[in-house]
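Asks: missing the sequence, but the structure's below:
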């Protein structure tokens, strides 16, 4: 595989979004697609539909909540579900890892946190702590590792509309931003910012905000992070806003990265 396109997309129910996915995957050359918030038990995952589109499917989900999947046109060379760190199994439907050739794919759906004084926010911090431990335990920064997903963190003021009003939000509070940066310091580069350093790049548009897409009122909480070997191979990274304007859309849109593996 000389060229590879990797995308991440919080679909907010994979079965509800199948018409979008079928249309988009036919129109877009995506080799690896990581999904979050699939909201479906494993025995109801629409695997056959993805097979007809040329994808092998790896998934772990639960009814009406959480759920992650990795779809790939290339064979899987190994996979793991959850952290595998001996802690309670919470997180199995939020973390999926796979090896595809010499690529290591890590797909996460990080908890939103609900509020900075909520128990789920403590769990969100612990989730990131466990992610950093996982990277140290399972990978090397010299490898081709791509960490993608709905991270539920807007890293900087550029990554959210009206940042001055959101300092206490569980996806924007300074302590969770610092926690996210700490994990990234293991060896990751924010690929979208390498190619799109300007303002106004958002991947989430709240249903509750009227005409949020048209007014460009949003958050950048979906990310593609890569180690140096993949940063050198990257040729582009962008957010595809088009799906948010389709009928019955997800509140998120895909983030897409293109790699030239011959570089």
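Replies: Yep, that arrived. What you see is a predicted model, and the numbers here were worked out from it, not measured in a lab. Residues are numbered from 1 along each chain as shown.
Asks: what strand or helix carries the closest residue to residue 215 other than its chain neighbours?
Replies: Among residues not flanking residue 215 along the chain, residue 209 sits closest, at 7.8 Å (Cβ to Cβ, 6 or more residues apart in numbering). (Each C-beta comes from the backbone N, C-alpha and C, glycine too.) Using DSSP states H and E, residue 209 falls within no helix or strand.
Asks: residue 192 now?
Replies: If you go by DSSP H and E, residue 192 is part of helix 191-195.
Asks: picking that back up, my guess is the residue nearest to residue 215 meets residue 202, correct?
Replies: No - counting by Cβ atoms under 8 Å, residue 209 sits too far from residue 202 to count as a contact (11.3 Å).
Asks: higher neighbour count, the two?
Replies: Each of residue 209 and residue 202 had its neighbours counted (other Cβ atoms under 10 Å), and the higher figure belongs to residue 202 (25 against 13).
Asks: how many neighbouring residues does residue 220 have?
Replies: The local packing of residue 220 (other Cβ under 10 Å) involves 24 other residues.
Asks: renumber starting at 28 from here on
Replies: Taking 28 as the first residue, the last one we looked at is residue 247.
Asks: which ones are touching it?
Replies: Applying Cβ atoms under 8 Å, 6 or more residues apart in numbering, we find residue 247 in contact with 181, 182, 185, 186, 187, 219, 228, 229, 230, 231, 266.
Asks: quick check, nearest of those residues to residue 290?
Replies: residue 219 (18.6 Å; Cβ to Cβ).
Asks: hey, what's the nearest residue to the closest one once chain neighbours are set aside bridged with?
Replies: With Cβ to Cβ, 6+ apart as the criterion, residue 219 has its nearest non-adjacent residue at 4.8 Å, and that residue is residue 264. On DSSP bridges, the residues paired with residue 264 through beta bridges are residue 284.
Asks: which residue ranges of the stretch 78-227 of the chain form strands?
Replies: Taking DSSP state E, counting those that start in this stretch as the test, the strands found in the stretch 78-227 of the chain are 83-89, 92-99, 106-108, 122-127, 130-136, 171-177, 216-217.
Asks: what strands line up against the second one, and which way round?
Replies: Next to strand 92-99 in the sheet, as set by DSSP bridges, lie strand 59-63 (antiparallel), strand 83-89 (antiparallel).
Asks: how much space is there between residue 237 and residue 57?
Replies: Look at residue 237 and residue 57: by Cβ to Cβ, to the nearest Å, they are 31 Å apart.
Asks: quick one: which of these two has more around it?
Replies: Neighbours were counted for residue 237 and for residue 57 using other Cβ under 10 Å; residue 57 has more, 22 against 9.
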